[in-house]
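Colleague: sharing a sequence plus its predicted fold:
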Amino acid sequence: MSDLINFVNALSRPRLLVRAAKLGLADYNRARVLKRLTKSAVLPSPRAAVSKLLSAEESLENARQTGEASYTPSRHVEVLIALLAEARLLAGPGLRA
């Protein structure tokens, strides 16, 4: 568990993306957003969600860095919001991811 949290904390992304994601945390709706992002009918556990979201975020980051036409910054921010929120759930109360 702490490996996933450490990995999330170690992500180095443009300041604007991270700032937008942190601002979006207040409006994060786990039930609505996570089902859509993970393409699952059932809500995954925070651990499973973080794993899936890390994979999706890595793909988005590669697309951003290579300048792919399919890259969407809003989608990247949405995945980062979910990733930060799920990492916080995984970390437990009183801990911050």
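Modeller: Good, I have the coordinates. Residues are numbered from 1 along each chain as shown.

Colleague: sec struct for the residue of the chain most remote from its centre, please.
Modeller: Note on the chain: the largest C-alpha distance from the chain mean falls to Ala69, namely 21.3 Å (Cα atoms, centre = their mean). For Ala69, the secondary structure call by DSSP: H, G, I helix; E, B strand; the rest coil comes out as coil.

Colleague: residues contacting the residue nearest the centre of the chain?
Modeller: For the chain, the residue whose C-alpha lies nearest the mean C-alpha position (Cα atoms, centre = their mean) is Leu83; its distance is 2.2 Å. Under the criterion of Cβ atoms under 8 Å, 6 or more residues apart in numbering, the contact partners of Leu83 comprise Val8, Ala21, Val50, Leu53, Leu54, Glu57. Where C-beta positions appear, they are placed from N, C-alpha and C, glycine not excepted.

Colleague: in TSV: these, plus neighbour count and pLDDT.
Modeller: Formatted as TSV, the entries for the contacts of Leu83 read as follows, by neighbours: other Cβ atoms under 10 Å; pLDDT from 0 to 100:
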residue	neighbour count	pLDDT
Val8	21	60
Ala21	21	91
Val50	25	90
Leu53	24	94
Leu54	18	91
Glu57	18	94
